[in-house]
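**Q** Here is a sequence together with a model predicted from it:
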Amino acid sequence: MNLLVLAAERENPLIPPIPELVIGLIAFVIVFGFLAKKLLPNINKVLDERREAIEGGIEKAEAAQTEAQSVLEQYKAQLAEARHEAARLRQEALEQGTALKEELRAEGQRQREEIIAAGHAQIEADRKAASQALRQDVGKLATDLAGKLVGESLEDHARQSRTIDRFLDELEAKAEAAR
């Protein structure tokens with residue numbers, strides 16, 4: 001037993017035996033070389049592609065954001081212009097409505113004055129016609145009455161008209177003087 005204990009003491013469990021260490025080191029170099037030659041370039045290639053895709057996506061996103069900001073500014077400008085145009089059109093329509101109302105009011109006033117003038121002219125014509133008819137009737141009645149009083153016929157038409165006109169003119173002059 002002593003021999004086994006002595007042999008076990010001589011071997012340190014933390015330090016592997018040299019042949020195993022050499023074989024492990026050779027295997028490690030082979031596996032590392034294989035991974036470095038075959039797998040590492042593929043991994044680097046995939047990582048580079050992902051990095052480029054991410055950077056491209058960021059650039060695209062920034063470009064899209066810039067374009068969206070530009071479109072937003074254009075939209076705001078167009079909206080402001082449309083509001084200004086609507087206000088201008090509203091004001092113009094209001095002015096046109098006011099002008100049209102004034103035109104219609106003036107046209108109505110003019111027509112009213114024409115109707116009143118036509119009415120006055122018609123009244124004056126009717127008054128003259130009534131005055132003329134009244135003169136003739138009064139003259140006829142006066143001559144008939146005078147003829148009955150005098151006892152003879154006063155049929156001389158020209159004389160009769162002059163007498164009647166003179167009589168009525170005197171009556172009108174007295175009526176105007178009385179006013």
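**A** Received the coordinates, thanks.

**Q** separation between Thr143 and Ser70?
**A** 107 Å (Cβ to Cβ, to the nearest Å). For glycine as for every other residue, the C-beta is placed from the backbone atoms N, C-alpha and C.

**Q** out of the two, which sits in the more crowded spot?
**A** Between Thr143 and Ser70, counting by other Cβ atoms under 10 Å, Thr143 is the more crowded of the two (20 against 10).

**Q** Let me know whether the more buried one touches Arg162 as I believe.
**A** No - between Thr143 and Arg162 there is no contact under Cβ atoms under 8 Å: 11.6 Å.

**Q** Can you pull out the low-pLDDT segments for this structure?
**A** For the chain, applying pLDDT under 70 flags the ranges 1-13, 147, 149-160, 179.

**Q** Let me see the ranges of the strands in it.
**A** In the chain, no strands are defined using DSSP state E.

**Q** Going along the chain, name the helices of it.
**A** Listed in chain order, the helices of the chain (DSSP state H) span 2-10, 18-34, 40-150, 157-178.

**Q** who touches the last one?
**A** Contact with helix 157-178 is made by 135, 138-139, 142-143, 154, as judged by Cβ atoms under 8 Å, 6 or more residues apart in numbering.

**Q** Tabulate those residues (CSV), appending distance to Ala80.
**A** CSV is the format used below for the contacts of helix 157-178 (distance: Cβ to Cβ, whole Å):
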residue, distance to Ala80
Arg135, 82
Val138, 85
Gly139, 87
Ala142, 91
Thr143, 93
Leu154, 98
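
**Q** Using PyMOL, define a selection of the buried residues within those.
**A** Of the contacts of helix 157-178, the buried ones go into a single PyMOL selection, burial set by 16 or more other Cβ atoms under 10 Å:
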select buried, resi 135+139+142+143+154
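
**Q** Tell me the one of the contacts of helix 157-178 nearest Glu92?
**A** Arg135 (63.4 Å; Cβ to Cβ).

**Q** Who's the closest spatial neighbour of that closest one, skipping the chain neighbours?
**A** What sits nearest to Arg135 in space, not counting adjacent residues and going by Cβ to Cβ, 6 or more residues apart in numbering, is Leu168, at 5.5 Å.
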